[in-house]
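[1] pasting the structure only:
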């Protein structure tokens, strides 16, 4: 339970109550705060900074793969939703509506966008004339709203931030290639930037995006064993093209419908990286997205304070010039011990301690947030040492998360076996599935677990359906999910 | 009038109809498109890229001056607006309201934010306890909505993109210092990045932001002589602090209200830079925000095509590595002449032509969009030549805009004189003003011009009010404005 004891507020241990641990941590680390609007949070600077770093890393990857950014209106006329029937069925239950503006009732209600397939569709129909205009590859960074009943900061909020890529292609082959390219971009990003291992696969029909022909996802395991869908990529076939009349003149001068895709990740990635890496002391932030990568803490008695701080400032300038995100806490009225705890709780990857004896020895001490290891390093080699430790921390985090996931993934043959296993195990279950909605639903009803995806490369291939015992069409990852 | 003549669509000359020139240009250059939602535009990739560059440049300046970014909800409960009476009076007429969500009527209507003073105020009241928490310096990049009756792409749209800084301080001195710091940041940005000269000054009371104690602005002159408010910075006194109870414990352990500020610029800057720099051939983009700074066009007969393109690719890699935003148009089926016109229309600062004879001479030709001058430069020195020409183009644009503004700024002593002058002159009028709302209103009613601001450093100090003839309290810039 969180209690204020002067400076220190305790964080509920993960083993006691994981949800409480999560909320305690993100509140205490000042990543977010609840807002006065139902289901909406405020992204405070330390939380938003993580999103800014995610954006920078992803945006670069989108542009390298030929995409450009644009911005489309947040309002979507009601009639647009009616055009693609699966789409309206999927999103209608969670739309907020603007019905009046500037003192007058609107003739047509406007939805606040939950996603923008329809708006892109409407515009693409006007912009695309010939095969020469294809592929059209546009991404949008935006806020979207889905009026959720149950919310959880970052992971499920009524308003959230995301990117949505929308592309149009000449044929199915090209569109499917795009769908996979972006799933690969997300996978590489999660692994190399967020240090999160993910399982790539295809969603079952019941878990598809509303309006998609096929949905693909990457799934990550949180420290309580539950799954988070970290990114999705959809092949939309010609469904939106037909609904919005996105046609082009092909090389034989014939009108064809475009094949379209969409793909997105959102601020739920912030929640995921906290739940994958955090521990009982608080946040553990992946170095590549941490707002501060190194916290410098000068230590020692008052008489050496000036000279230690002088050197700290000098080293700060060196690290900053090398592009390292660094901060100093040289407050004299706060003890080093308090600062150590504070920045561990805030998940800063490296703590740099510098005292008078270190100075004499031409060294300082680096402490890794993830392993807790201390290492004395020479000051003349500081930038290289810090860069190397940041890389090591990333690797350590990725390996720790992979090990945890592997240890908490198991295989089951029957629904009873799965239910028994769930009493003592958390995590992902691999099981065979015959492909019927009925069997999938039964798993959900009896266990609370949903099919996460059909992995492209399952650890093991199962031969019979865990529910009906018929031949398995697919091997599926089941898990309780956020 | 715009006509399709095969490849070329003509742009209406500025002298014939400036508004038509503007719309023709931004449509043809694919900066925007009209959306199906009233008053909302789509920012197409070439338009949005300008905003991305504006964001990058400004964000860097905000962070250097100690600000951090955050994100607050787009929905503002109706009751929040009621708390500051000037604020609700100012914004109420243009608010869109969400009244239902997820199939249910909301208990309290939610406005789509037109600006976020109230939401920041509510959160600041919770985050600020002591003088140690001050100053609190947060900026937000966001979409906002004001349901405008008359809209104009980029300059006045129902939804637009902007940044809004909101800061809280211990006292008036510190808050006023912040207000001026940010006005200076905007000024320096307009001059050094957008090549737009601006007039810094204070708004008259009738033109203040709804809820501000003092509003300051920078005003720019468009090529038709009209003004655009390019940025504003507000000192809000303790008005929002009292309304939202933003208090802190001062150094003497006494509760005090914070003094707050807010400041913002928006996507209207895109409209401004087009109207300041564009000409009858189309856009002229400031090099520092142009999506493409150099367009490379290989020329010559088919037999030398491969070797010329090979060299073009090599030079492209050099320029790109140097951080220059460069593109190649090597389409074989489009004539160089068509390409020259096309990229002039799109406002790309430098055209680089490379043909077989150039290759023999180890040179290429650079053409400045702004002066039209051609210069042969040695290929071994290309990066430096391009960088130097980009800098020159920026200077040329700034000087041309300054000259235009100076030539179109004049001084008047009486309202009759102003009215007579307006028949033949466009631009800004400097005039004395007694300080009364009545006189200011009379200018507006009889001329359509509004007071833009009271310049900090007027070219000339006027001694009598242009309307009533009483002693002038201020020298004011009057102009018709977008």
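    Nice, I can see it. Remember, predicted model here, so these are calculated numbers, not experimental data. Numbering: from 1, shown residues only, chains lettered A, B, ... in the order given.

[2] The closest residue to chain B within the stretch 351-482 of chain A: what's it in contact with?
    Using C-beta to the nearest C-beta, the single residue of the stretch 351-482 of chain A nearest to chain B is residue A:482, 19.9 Å away. Every C-beta, even on glycine, is put in place using the N, C-alpha and C of the backbone. Counting by C-beta atoms under 8 Å, 6 or more residues apart in numbering or on different chains, residue A:482 touches A:152, A:155-156, A:222, A:226-228, A:268, A:271, A:275.

[3] So which of the residues you listed sit within strands?
    A:227-228 (DSSP state E).

[4] Among the contacts of residue A:482, which ones are in helices?
    A:268, A:271, A:275 (DSSP state H).

[5] Same list (these) but as TSV, adding pLDDT and distance to chain B.
    Below are these laid out as TSV (pLDDT from 0 to 100; distance: C-beta to the nearest C-beta, whole Å):
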residue	pLDDT	distance to chain B
A:268	98	14
A:271	98	15
A:275	98	20
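
[6] and these as CSV, adding neighbour count and distance to residue B:306?
    What follows is the ones in helices among the contacts of residue A:482, written out as CSV (neighbours: other C-beta atoms under 10 Å in any protein chain shown; distance: C-beta to C-beta, whole Å):
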residue, neighbour count, distance to residue B:306
A:268, 22, 50
A:271, 23, 53
A:275, 25, 55
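
[7] Would you mind checking which of the contacts of residue A:482 is nearest to residue A:465?
    Nearest to residue A:465 among the contacts of residue A:482, counting by C-beta to C-beta, is residue A:227 at 20.6 Å.

[8] Give me the distance between the closest residue to residue A:412 other than its chain neighbours and residue A:468.
    Leaving aside its sequence neighbours, residue A:412 sits nearest to residue A:418 (C-beta to C-beta, 6 or more residues apart in numbering or on different chains; 4.3 Å). As for residue A:418, its distance to residue A:468 is 14 Å (criterion: C-beta to C-beta, to the nearest Å).

[9] between the two, which one's more packed in?
    With neighbours defined as other C-beta atoms under 10 Å in any protein chain shown, residue A:418 and residue A:468 compare such that residue A:418 has more, 22 against 15.

[10] Quick one: residues contacting the more buried one.
    Per C-beta under 8 Å, 6+ apart, neighbours of residue A:418: A:412, A:429, A:431, A:443, A:447, A:449, A:466, A:478.

[11] For chain B, give me its nearest residue in the stretch 151-300 of chain A.
    In the stretch 151-300 of chain A, the residue that lies nearest chain B is residue A:159 (5.7 Å; C-beta to the nearest C-beta).

[12] quick one, phi/psi of that residue?
    Here is the backbone geometry of residue A:159 (degrees, to the nearest 10): phi -100, psi 140.

[13] And it, what's its pLDDT?
    For residue A:159, the model assigns a pLDDT of 98.

[14] Kindly report the same for residue A:358.
    According to the model, residue A:358 scores 95 on pLDDT.

[15] Pretty sure it sits against residue A:374.
    No. Residue A:358 lies out of contact with residue A:374 (C-beta atoms under 8 Å); the separation is 11.7 Å.

[16] on that earlier part again, give me every residue that touches the residue of the stretch 151-300 of chain A closest to chain B.
    Here residue A:159 is in contact with A:37, A:39-40, A:143-145, B:73-75 (C-beta under 8 Å, 6+ apart).

[17] Tell me which two in these are the farthest apart.
    Of all pairs in the contacts of residue A:159, the most separated under C-beta to C-beta is A:37 and A:144 at 14.9 Å.

[18] which of the contacts of residue A:482 tops the neighbour count?
    Going by other C-beta under 10 Å, residue A:222 tops the contacts of residue A:482 with 29 neighbours.

[19] what residues are up against it?
    So residue A:222 contacts A:228, A:272, A:275-276, A:482 (C-beta under 8 Å, 6+ apart).

[20] again, only using 7 Å
    A:228, A:275-276, A:482 (C-beta atoms under 7 Å, 6 or more residues apart in numbering or on different chains).

[21] burial measure for residue A:475, as a count.
    19.

[22] who touches the helix or strand harbouring it?
    Element membership for residue A:475, per DSSP states H and E: strand A:474-479. For strand A:474-479, the external contacting residues (C-beta under 7 Å, 6+ apart) are A:199, A:201, A:204, A:219, A:226-227, A:427-433, A:435, A:443, A:449-455, A:458, A:460-462.

[23] Sheet-wise, list the partners of that strand with their directions.
    strand A:428-433 (antiparallel), strand A:450-455 (antiparallel) (DSSP bridges).

[24] Wasn't residue A:403 part of a helix?
    Yes. With DSSP: H, G, I helix; E, B strand; the rest coil as the criterion, residue A:403 is part of a helix.

[25] Mean neighbour count, the strands paired with strand A:474-479: which tops it?
    For the strands paired with strand A:474-479, the largest average neighbour count (mean count of other C-beta atoms under 10 Å in any protein chain shown) is found in strand A:428-433, namely a mean of 24.

[26] tell me the angle of the following helix or strand past that one relative to strand A:450-455?
    Per DSSP H and E, the first helix or strand lying C-terminal to strand A:428-433 is helix A:437-447. On the basis of axes from the mean of the first three to the mean of the last three C-alpha atoms, to 10 degrees, helix A:437-447 is oriented at 130 degrees to strand A:450-455.

[27] Which strands and helices lie in contact with helix A:437-447?
    helix A:415-424 (3 or more C-beta pairs under 7 Å, 6 or more residues apart in numbering or on different chains; DSSP states H and E).

[28] quick one: the helix it packs on to strand A:428-433, angle?
    Using the same axes, to 10 degrees: helix A:415-424 against strand A:428-433 is 170 degrees.

[29] Flag every buried residue along helix A:415-424.
    A:415, A:418, A:421-422 (16 or more other C-beta atoms under 10 Å in any protein chain shown).

[30] Among these, find me the one that's closest to residue B:408.
    For the buried residues of helix A:415-424, the nearest to residue B:408 is residue A:422 (76.9 Å; C-beta to C-beta).
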